[in-house]
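1. This is a predicted model, with the sequence first.
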Amino acid sequence: MPKSKPYHEFLIAQLKEPSFAALYLETHFELEEGEEPDASLMKLALDHVAEALGEDNMTSEEATLHRQKLNDILSDSGVETIYYLGEWLQKLGLKLTVTVAKKQEVSGENVEKVSVV
C-alpha cells in the first residue's frame with residue numbers, strides 16, 4: 001500500500017497555487033453566525049500561505065523575515081493593521097479585497113433600506 005503524503009506537506013503544495021491560497025484565506029476570514037474569531041487559527045493560515053508563496057516571490061532570507069513580520073502585524077492594534085496586512089499579502093502575490101455579500105448573507109438588521117424616488 002502506498003504511503004500518503006503528510007498533511008502539512010500536502011497543504012503547502014496546494015497553497016503554492018495563488019488562487020487556492022486566496023480561497024484558503026477567504027475561508028478563514030469568514031465566520032459563521034455566532035462563531036468567535038480565533039487569532040491563532042488565522043495566524044496559522046497566514047503562516048501556511050507565507051510558507052507556500054514566500055520563496056516563490058522573494059529570496060529565502062526575505063521569506064523568513066516576511067513570516068516573522070506577521071507576528072508584529074498581528075500584535076498591532078488600530079486601523080493601520082489592515083493596511084499592513086494588505087501590504088504583507090501583496091508581497092506574497094495576493095491582494096486583500098472586499099466584495100459585496102450575497103443577499104442571503106446580509107443580515108436585515110444591518111442593512112439600511114434605500115428608496116429611490
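-> Everything's here; your move. Numbers count the residues shown, from 1 in each chain.
2. From start to finish, how long is stretch 52-67 in a straight line?
-> End-to-end distance of stretch 52-67: 11 Å, with Cα to Cα, to the nearest Å as the criterion.
3. Which positions within it qualify as buried?
-> By 16 or more other Cβ atoms under 10 Å, the buried positions in stretch 52-67 come out as A52, L53, G54, E55, N57, M58, A63, H66, R67. For glycine as for every other residue, the C-beta is placed from the backbone atoms N, C-alpha and C.
4. again, but for stretch 40-50
-> K43, A45, L46, H48, V49, A50.
5. Sitting in strands, which of the residues you listed do you find?
-> Among the buried residues of stretch 40-50, DSSP state E puts none in strands.
6. Throw these into CSV and include pLDDT, thanks.
-> Output for the buried residues of stretch 40-50, formatted as CSV (pLDDT from 0 to 100):
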residue, pLDDT
K43, 94
A45, 96
L46, 96
H48, 96
V49, 96
A50, 95
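7. from those residues, which single one is nearest H28?
-> A45 (4.2 Å; Cβ to Cβ).
8. quick one: what helix or strand has the closest residue to that closest one other than its chain neighbours in it?
-> Distances taken as Cβ to Cβ, 6 or more residues apart in numbering put H28 closest to A45, at 4.2 Å, once the chain neighbours are dropped. Applying DSSP states H and E as the criterion places H28 in helix 18-29.
9. Quick one: residues in contact with that helix.
-> For helix 18-29, contacts defined as Cβ atoms under 8 Å, 6 or more residues apart in numbering pick out 14-15, 41-42, 45-46, 48-49, 52-53, 89, 92-94.
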